[in-house]
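Visitor: I would like to see how this sequence folds:
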Amino acid sequence: MIAAGALPKCVAVGIDNAGAGRGLDYLPNKPGAGPQGMRQDAANWPGGGSASYLAHVAEEILPAVQTRYGTTLDPSKTLFGGSSFGGISALQAATTYPALFGRVLCESPSLWVEEGRLLERACEYDGALPERMFLGMGGREYTDRYEDNEANRGVDAKMASWTTTLRDSFAAKGMGDDRLKYVLEAGAIHNEGAWARRFPVALDFLLGRGGAEARSAGVAAAVDGMLDLLAKGAQRQGHLAFLCPSTPTPGQRVRLYVNRANSPPLARKPNTSAKGGFDGWRLGGFEAAMAPAESLRGVGGDWWVVEVEVPRGVERLDCVFHDGGGGWENNCGADFHFECAYPVQS
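Guide: Residues are numbered from 1 along each chain as shown. Next up is the predicted model:
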């Protein structure tokens, strides 16, 4: 994104976590087991040192970085971010040091800590807030870790609702769409892969130079770096097709890839096209000729690609592939489906 001109040059400072003891740095109190005991595994985890940790970052690390690398202390160019317990740390930074960290990235914050009391305090907070904040959450962050059943899907919904409550509270305090971006990603789990997918969107909102052309080029440059990993991961898992970015945002143009080498109906055929629709084939539709993916020649297989636009307001992209002569690749009758990320509107 920097090379594409979508972001200014910046210095990224990564502070390693303390592993099992990370709650001591990131949380204002011990996490507890969560509402209705949803996290019994965390009942005895440490916490309570977040004020000291943030003071260390603000009073020692930031000045040291500025001295060594000549970085600015302009809050509009200073970002603090974290995920999970680190997302709670980012939330604490937003309310404790808003004049220092003018940009805050809060991913999948563990708002279940303290049986929900931390969320209550955040909603009751009436002080200053950062100029911009990105808030991200996945729709399957609990059932990915625990059994996927009706009760646990209810916990997924509660976790999403808690994040929405935080968004609503900050919006009521004056953080409109120009200052607060909330992305609730359907089907996303609680891991680094999900946070990486949302990262280009978050950076663009928090630090981007603006302008559709710069944003498009910046996001494209960011996802190009993930392309080989996505293709190799698809091959390793036996997947015939993937998207880049893997979870698109409605309104975004994405690249759809298929590995013809692993598809008998398409292998060695002169032509391949993609036929698609949205939301269970109920909305819209497209059909487009594909071309060899030159950038993946070194990965192995026979990857072909086409660029398509995901309309605003949809939640899923559906597609199949054909050779134009009666040969169809439809995933053994199941078709191919890709969930979308979607911003939750105010």
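Visitor: Keeping just the C-alphas, turn the helix or strand hosting Y257 into PDB.
Guide: According to DSSP states H and E, Y257 maps onto strand 253-259. The C-alpha trace of strand 253-259 is given here as PDB (Å, rounded to 0.1, in the frame of the first residue of the first chain):
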ATOM      1  CA  ARG A 253     -13.400  -5.900  -7.000                       C
ATOM      2  CA  VAL A 254     -11.800  -9.300  -6.300                       C
ATOM      3  CA  ARG A 255      -9.900 -11.900  -8.200                       C
ATOM      4  CA  LEU A 256     -11.400 -15.400  -8.500                       C
ATOM      5  CA  TYR A 257      -9.000 -18.200  -9.100                       C
ATOM      6  CA  VAL A 258      -9.500 -21.900 -10.100                       C
ATOM      7  CA  ASN A 259      -6.900 -24.700 -10.400                       C
END
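Visitor: ok, and what's touching the helix or strand just after that strand?
Guide: Read in the C-terminal direction, the helix or strand following strand 253-259 is strand 273-278, with elements assigned using DSSP H and E. Applying Cβ atoms under 8 Å, 6 or more residues apart in numbering, the external contacts of strand 273-278 come out as 256, 258, 283-290, 306, 308, 310-311, 314-324. All C-beta atoms are positioned from the backbone trio N, CA, C, and that covers glycine.
Visitor: Out of these, list just those in strands.
Guide: Counting by DSSP state E, the part of these found in strands is 256, 258, 283-289, 306, 308, 316-322.
Visitor: Show me which of the residues you listed are buried.
Guide: Neighbour counting over those (16 or more other Cβ atoms under 10 Å) leaves L256, V258, F286, V306, V308, R316, L317, D318, C319, V320, F321, H322 as the buried ones.
Visitor: The third one pairs with what?
Guide: The one in question is F286. Partner residues in beta bridges with F286, using DSSP bridges, are G276.
Visitor: if I pick it, what's in contact with it?
Guide: A274, K275, G276, G277, V308 are the contacts of F286 under Cβ under 8 Å, 6+ apart.
Visitor: Strand partners (parallel or antiparallel) of the helix or strand that contains Y182?
Guide: When elements are assigned from DSSP H and E, Y182 belongs to strand 180-185. Taking DSSP bridges as the criterion, strand 180-185 forms sheet pairs with strand 132-138 (parallel), strand 341-343 (antiparallel).
Visitor: measure K9 to I2 for me?
Guide: According to Cβ to Cβ, to the nearest Å, K9 and I2 sit 6 Å apart.
Visitor: So between those two, which is more surrounded?
Guide: Neighbours were tallied for K9 and for I2 using other Cβ atoms under 10 Å; the higher tally belongs to I2 (14 against 5).
Visitor: Quick one: residues contacting that one.
Guide: Taking Cβ under 8 Å, 6+ apart as the test, what I2 contacts is P8, K9, C10.
Visitor: what about P292, how many neighbours?
Guide: Other residues within reach of P292, judged by other Cβ under 10 Å, total 13.
Visitor: and what of F134?
Guide: Burial measure for F134: 24 neighbouring residues, criterion other Cβ under 10 Å.
Visitor: just the one 10 residues further on next, same as before
Guide: The local packing count at D144 equals 17, with neighbours defined by other Cβ under 10 Å.
Visitor: tell me the mean pLDDT for stretch 152-168?
Guide: Regarding stretch 152-168, the rounded mean pLDDT is 96.
Visitor: Now that stretch - C-alpha only, CSV.
Guide: Written as CSV, here are the backbone C-alpha positions of stretch 152-168 (Å, rounded to 0.1, in the frame of the first residue of the first chain):
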residue,chain,number,x,y,z
ASN,A,152,-22.7,-21.8,21.1
ARG,A,153,-24.0,-20.1,18.0
GLY,A,154,-26.0,-18.0,20.4
VAL,A,155,-22.7,-17.0,22.1
ASP,A,156,-21.3,-16.0,18.6
ALA,A,157,-24.3,-13.7,18.3
LYS,A,158,-23.8,-12.3,21.7
MET,A,159,-20.2,-11.5,21.0
ALA,A,160,-21.2,-9.7,17.8
SER,A,161,-23.9,-7.8,19.7
TRP,A,162,-21.4,-6.7,22.4
THR,A,163,-19.1,-5.2,19.7
THR,A,164,-22.1,-3.6,18.1
THR,A,165,-23.1,-2.1,21.4
LEU,A,166,-19.6,-0.6,21.7
ARG,A,167,-19.9,0.9,18.2
ASP,A,168,-23.3,2.3,19.0
